[in-house]
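Asker: Need coordinates for the following:
(chains A and B)
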Amino acid sequence: MREYSGNRIGEEKDVTIVRDIHLNLEQRQILRREGIRRQSSVRPEIIALIDELLLNIDAEHLLEPVCAYAIYPVSGIDHDQLSLSGDMVLHAPLLASALPDAEELAIVVGTIGPGLEKRVTEYLGKGEPLRGLLLDGIGSAAVDSLSQQACQLIQNEASLRGYQAGSRFSPGITGFPITEQWQLFRMVPADEIGMSLAASGLMVPRKSVSMVIGLGQKMVVRERGEACARCNLSKTCLYRWETDNQHIEA
Amino acid sequence: MSGELTKAIADLEENEALRLTREKLDSGVEPQLILEESRKGMEIVGQRFGDGTYFLPELIFSAEILKEITEIVKPKLTQEVQTERLGKCIIGTVAGDIHDIGKDIVVFMLDVNGFEVHDLGVDVPPQKFVEKIQETGAAIVGLSGFLTLAFDSMKETVDAVKAAGLRDKVKIMIGGGQIDDEIRKYSGADAFGQDAMTAVSLAKGWL
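Answerer: Numbers count the residues shown, from 1 in each chain, chains lettered A, B, ... in the order given. Model (predicted):
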């Protein structure tokens, strides 16, 4: 449901807020987020517990997915920064090198809300770490799905203007410092969807995402596996994508 | 019947493990022998986790089974054995970072494996670690951090321990998403771990 679209920040910047986003929680994506890379050997007790937790999530409305985004024209690309309309600048060598053809930049923030992580804390606090761990993994899978849905929305919108949407990039990866999180939060009214930043730049609620997506007539879209391969955790990350089909052994 | 409990735990057969525990207790088996057999099962789980047969949820599942067995056996143990712990550990997520789930899992695994664990929570300033070491006399400290900015906090914490004259009295391990040996060297810690099982192995190795 598109709740709101209007001029809210800076110089007549259009911001769109979307709620009631349908999240696709596939079991294999949940297992990937649980750090399980060989689906066939998972204990049935663990599968049953994940199913039970999913039912509880529905019954207790623990997921409240929402996202907000704004689109800024790109006014210049330097070797380590991207300049946007409204005198906004992102200091990120990765963006400058990866988005040479971007004519616009979509700034996106989104969250599944605080409910799920509060429940995770409760489980951990009362000595039920397995439930806590599994629920946390479901929350991460939910954020992944939210990210995908948000990207799809932006891609659809861009295509109406004859643009393509490129790959997404989030602060904290090599070449896109987490300190730029503050700038992203100035460019989109994250507080209107219940998001804020801790002093460290960490998003609150933690089960949230921030990202930028380049838009233009010729944009490069990388597979998720390629993005993981560029990360400095590519060999050790429990949640990495190998390729679209190989991330979990059958 | 010997070895059945070890196998049940190693194979994560929760109901069977609990049934065998009760059966053994009822037939007069010493509770300490039951715990010993359970720990052997946990060792096999640890090996399977290490070789990639089991994943983190299965490791936690096994620890929960061990915890249940310990609860069943506990009333039959002498007071002395009940309170006996392998050693004291202090664990916390360093200043500036609020990630807790990895830290909480390490706390749980150390506790289940027989350590007295003092959990300082998240966003813990260096001085709080120092004060807790002085208060408890713990010889093992674990610093958790997920963000890259946690590396500086880890270094500051190790430096604070050094400044308090406690560095040669404690072993310090670090852990978190991006920790490697470069970060260990930078922080001045003694070791790093990439999972909860490594934390347990390190702590046992430092006894």
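
Asker: helix or strand right after the lengthiest helix in chain A?
Answerer: Assignment by DSSP state H gives helix A:129-160 as the longest helix of chain A. As assigned by DSSP states H and E, the chain's next helix or strand after helix A:129-160 is strand A:164-169.

Asker: Run the angle between that following strand and helix A:129-160 for me.
Answerer: Interaxial angle of strand A:164-169 relative to helix A:129-160 (axes from the mean of the first three to the mean of the last three C-alpha atoms, to 10 degrees): 150 degrees.

Asker: could you pull out the helices for chain A?
Answerer: In order along the chain, chain A carries the following helices (DSSP H): A:27-33, A:44-59, A:93-98, A:115-125, A:129-160, A:181-187, A:224-230.

Asker: by contact count, what packs against the fourth one?
Answerer: What it means is helix A:115-125. When contacts are defined as 3 or more C-beta pairs under 8 Å, 6 or more residues apart in numbering or on different chains; DSSP states H and E, helix A:115-125 packs onto helix A:129-160, helix B:101-112. (C-beta placed from N, C-alpha, C; glycine too.)

Asker: Run through who's touching the shortest one.
Answerer: Looking back up the chat, that one is helix B:101-112. Helix B:101-112 is contacted from outside by A:120, A:124, A:127, A:129, A:132-133, A:136, B:56, B:59-60, B:63, B:66-67, B:70, B:89, B:91-93, B:117, B:119, B:122, B:142, B:144, B:146, B:175-177, B:196-197, B:199-200, B:203, using C-beta atoms under 8 Å, 6 or more residues apart in numbering or on different chains.

Asker: Just grab the bridge partners of the residue nearest to the spatial centre of chain A for me.
Answerer: The centre of chain A sits closest to A:V209, judged by C-alpha atoms, centre = their mean, with a distance of 3.6 Å. A:V209 has the following beta-bridge partners by DSSP bridges: A:G110.

Asker: need the contact list for it.
Answerer: A:108-111, A:143, A:146-147, A:150, A:170, A:203.

Asker: Please report how far it lies from B:A189.
Answerer: In this structure, A:V209 and B:A189 are separated by 31 Å, where distance is defined by C-beta to C-beta, to the nearest Å.

Asker: How about A:A48?
Answerer: Distance, A:A48 to B:A189, by C-beta to C-beta: 39 Å.

Asker: More neighbours: those two, which one.
Answerer: Using other C-beta atoms under 10 Å in any protein chain shown, the more surrounded residue of A:A48 and B:A189 is B:A189, with 23 against 10.

Asker: For B:I44, give me the pLDDT.
Answerer: B:I44 is assigned 95 on the pLDDT scale.

Asker: Starting from B:T53, give me the distance back to it.
Answerer: 10 Å.

Asker: can you check A:V42 too?
Answerer: Counting by C-beta to C-beta, the gap from A:V42 to B:T53 is 12 Å.

Asker: of these two, who's got more company?
Answerer: Between A:V42 and B:T53, counting by other C-beta under 10 Å, A:V42 is the more crowded of the two (19 against 13).

Asker: what's the spacing between the residue in chain B sticking out farthest from the centre and B:E156?
Answerer: Note on chain B: the largest separation between a C-alpha and the mean C-alpha position, by C-alpha atoms, centre = their mean, falls on B:S27 (31.7 Å). Counting by C-beta to C-beta, the separation of B:S27 from B:E156 is 55 Å.

Asker: rewinding a little: please list the members of the contacts of helix B:101-112 that lie in strands.
Answerer: By the criterion of DSSP state E, membership of the contacts of helix B:101-112 in strands covers B:89, B:91-93, B:117, B:119, B:142, B:144, B:175.

Asker: quick one: which of these is nearest to A:Q183?
Answerer: Among those, B:T93 lies closest to A:Q183 (C-beta to C-beta), at 25.9 Å.

Asker: what's the pLDDT at the closest residue to that closest one other than its chain neighbours?
Answerer: The shortest distance from B:T93 to any residue that is not its chain neighbour, by C-beta to C-beta, 6 or more residues apart in numbering or on different chains, is 4.0 Å, and that residue is B:V122. At B:V122, the model reports a pLDDT of 92.

Asker: Need phi/psi at B:V122.
Answerer: The phi and psi torsions at B:V122 (degrees, to the nearest 10) take the values phi -120, psi 160.

Asker: contacting residues around it?
Answerer: Counted by C-beta under 8 Å, 6+ apart, B:V122 has contacts B:92-93, B:97-100, B:103.

Asker: Could you measure from A:Q148 over to B:V122?
Answerer: 29 Å.

Asker: Leaving out sequence neighbours, find the closest residue to B:K67.
Answerer: When the adjacent residues along the chain are set aside, B:K67 lies closest to B:V112, with 5.5 Å between them (C-beta to C-beta, 6+ apart).

Asker: coming back round to it: could you redo the ones in strands among the contacts of helix B:101-112 as TSV and give each row pLDDT?
Answerer: Converted to TSV, these look like this (pLDDT from 0 to 100):
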residue	pLDDT
B:C89	97
B:I91	97
B:G92	97
B:T93	95
B:V117	95
B:D119	95
B:G142	97
B:S144	96
B:G175	94
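
Asker: which one of the residues you listed sits closest to A:V188?
Answerer: B:T93 (28.1 Å).

Asker: Tell me who's in contact with that closest one.
Answerer: When contacts are counted by C-beta under 8 Å, 6+ apart, B:T93 touches B:99-100, B:103, B:121-124, B:144-146, B:150.

Asker: And the helices in chain B?
Answerer: Counting by DSSP H, chain B forms helices over residues B:4-10, B:14-26, B:31-50, B:56-73, B:79-83, B:101-112, B:126-136, B:150-163, B:181-187, B:196-205, given from the N-terminal end onward.
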